[in-house]
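*Asks:* Can you look at this prediction? I've put the sequence above it.
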Amino acid sequence: MTQNMNTSFEAYWRAVASGTRKRIPDRLLVLCLIPFSLIYAIIQYTRAEFYRSGIFTTKRLPRPVISIGNITVGGTGKTPVTAYIARFLMARGLSVAVLSRGYGGTLEGSASIVSDGSTVLLEPEQCGDEPFLLARTNPGLMVVIGADRYEAGMLAINQLSPDIFILDDGFQHLRLHRDLDVLLLDYRYPYGNGWTLPAGLLREPKSAIGRTDMVLYTRCPEIPRSPLAVPGKLVCYARHHLCAVRPFAEDVWLPLSVLQGRTFLAFAGIAEPQYFFDGLSALGLNIVATISFPDHAAYAEFQIAEIISAIQSSGADGVITTEKDGVKLRHLPRSLSEKILFARLELALDDPSTLAAALLNLLQK
């Protein structure tokens, strides 16, 4: 039986904001936050209108830009989608540069090259876990960080000469022109409870979906499922699945069959850790305990100590976490490192042709 070892307010708020918790105290909390959400929604709507009308300036890079983003906070699986599109483009001979904010890194805000396509130049502590993961797991991919994505893009143009850009988490970065906008929505609750922050998950009003070219639903159930059409927009359906694991001290990926017959402690510091835990259980793994850390957890000494203590109390044979968490777990005591496995998530599209056609159409232009 799985035991949740760490229940946080963040997890509670996400459950309320997504609409999955609807008890009377939860509804009262949402009711109290609605006035703040209305103010936030007006600000975001006005900002978008200023960009649309030209009051605020949008800059254009001298190469095509594909934006991957979402309309809700966290947890729609942007990194695997970015990697999928990058590999699609690189397989067609294009040099690709990802532009990312570099959230959580010490260099966040300044334009810096994470990878030149052949060498990873920064550590995850400097550039953030997601840019580092993209750079390390996709040979040939260029990655540049910067709060101002136009400045980061021009740095890439001048030093790396990419053929095309992917704007990571770019839906709200309206300062930069994009040639193809791909919006990710979680199939289970695409707009949360329908309210903007702080009462709900929405970063801006639902009407902002009109800016996108394509909607890609992630975390879809297996077919059969109900289609969620968005009028006037291309729609794709996808899910993220666990495909392989890697021991801490090895650079080789192993089939999931090596996990059978063992008991595991699972932990994650991502926006939707329960989705990861449920995926492990769906594979038939014996998960005896779980720990949910905050998104982008830095894994300080007290968090490592919590993991070690949970291993001892649960009696788990091994420990499993995400590949994204793994980039921050490079200096561990041997008692933990010899037990830990990193799991890789990959994107699986129900019908890859819709996304492929949109990308190829952009390249033809």
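*Replies:* Structure's in. What do you need? All of these numbers come straight from a predicted model, not from anything done at the bench.
*Asks:* So residue 330 versus residue 344, what's the distance?
*Replies:* 17 Å (CB to CB, to the nearest Å). Where you see a C-beta, it was placed from the backbone N, CA and C, and this is true even at glycine.
*Asks:* Correction: the previous question concerned residue 94.
*Replies:* 24 Å.
*Asks:* Which of the two has more residues huddled nearby?
*Replies:* residue 344 (18 against 15; other CB atoms under 10 Å).
*Asks:* Give me the contacts around stretch 13-26.
*Replies:* Residues outside stretch 13-26 that contact it (CB atoms under 8 Å, 6 or more residues apart in numbering): 12, 29-30, 74-75, 189, 192-195, 199-201, 271-272.
*Asks:* ends of that stretch, how far apart?
*Replies:* End-to-end distance of stretch 13-26 (CA to CA, to the nearest Å): 9 Å.
*Asks:* List the buried residues of it.
*Replies:* By 16 or more other CB atoms under 10 Å, the buried positions in stretch 13-26 come out as 13-14, 16-19, 21, 26.
*Asks:* for stretch 215-231, same thing?
*Replies:* Per 16+ other CB under 10 Å, stretch 215-231 contains these buried residues: 215-220, 230.
*Asks:* List the buried residues of stretch 117-134.
*Replies:* Neighbour-count burial for stretch 117-134 flags 117, 120, 122, 124-134 (criterion: 16+ other CB under 10 Å).
*Asks:* now that we have the contacts of stretch 13-26, which one has the most neighbours?
*Replies:* residue 201 (28 neighbours).
*Asks:* The residue lying closest to it once chain neighbours are set aside: which element?
*Replies:* Closest residue to residue 201 apart from its sequence neighbours, by CB to CB, 6 or more residues apart in numbering: residue 192 at 3.2 Å. Using DSSP states H and E, residue 192 maps to neither a helix nor a strand.
*Asks:* Residue 293 and residue 266 touch, don't they?
*Replies:* No - taking contacts as CB atoms under 8 Å, residue 293 lies outside contact range of residue 266: 11.5 Å.
*Asks:* Next, give phi and psi for the nearest residue to residue 258 once chain neighbours are set aside.
*Replies:* Among residues not flanking residue 258 along the chain, residue 245 sits closest, at 6.8 Å (CB to CB, 6+ apart). Phi and psi for residue 245, reported as degrees, to the nearest 10, are phi -130, psi 160.
*Asks:* Same question for residue 236.
*Replies:* phi -120, psi 160.
*Asks:* For residue 348, see how far away the closest residue to it other than its chain neighbours is.
*Replies:* Closest residue to residue 236 apart from its sequence neighbours, by CB to CB, 6+ apart: residue 216 at 4.6 Å. Counting by CB to CB, the gap between residue 216 and residue 348 amounts to 12 Å.
*Asks:* circling back to that earlier point, so what sits opposite the residue nearest to residue 258 in the bridge?
*Replies:* residue 254, residue 343 (DSSP bridges).
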